[in-house]
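> Fold the following.
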Amino acid sequence: MIAETICSAASAAGLGIAAVTAYRRRFLSAARIAAYSLIPLGLVLTGAVGWAVDTAFSPTAWLGFGLLGGAWLMFLGTRTVERRKGIVGRKERRAAKAAGREAVAPAASAPSLGTASRPAGRSAAKPASAPKAGGADDFSDIEAILKKHGI
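Okay, here's the model as predicted:
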């Protein structure tokens, strides 16, 4: 009963503010304020406020919300584990279970800049060509990366 009274008073106050705003010839703002102020009254008349009050003070309802939250957390947790393992669909989960996926990716042991493919006489720190005049030696690392990728 008190929740309905508070909502009705909030709606009346909002409509009063909307009237003052309309008197100042700010009709768009007044219409927006009136729309917001009618929401609590509409919730009272539809019975949503009564339902919310009954639900807020019901231990059974809180137990239900707790169970729903727990189920949601379980779904979220299983999705997170699947994404970390890289398993997306049901077929991939079955294939991963049957194959016993490796913990490390196969390409992880290969060096990132391809130093194993270089001849033994060259050092990784020095480029193969002599530095050019100007600031060309600054871009030698970038050139090596682009050559490695075939660009």
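
> And the next helix or strand past the helix or strand bottoming out on mean pLDDT in the chain?
Among the helical and strand segments of the chain, the one scoring lowest on mean pLDDT, DSSP states H and E is helix 90-99, with a mean of 76. On the C-terminal side of helix 90-99, the nearest following helix or strand under DSSP states H and E is helix 140-148.

> tell me which residues in that following helix are buried?
Within helix 140-148, no residue qualifies as buried by neighbour count (16 or more other C-beta atoms under 10 Å). The way it works is simple: take the backbone N, C-alpha and C, and place the C-beta from them, glycine included.

> show me where pLDDT drops low in the protein?
For the chain, the stretches with pLDDT under 70 are 87-88, 101-137.

> mind running it again at 50?
Applying pLDDT under 50 to the chain flags the ranges 103.

> for the longest helix belonging to it, the distance to its chain's centre please.
Determined from DSSP state H, the single longest helix within the chain is helix 59-85. The chain centroid and the centroid of helix 59-85 are separated by 17 Å under C-alpha atoms, centre = their mean, to the nearest Å.
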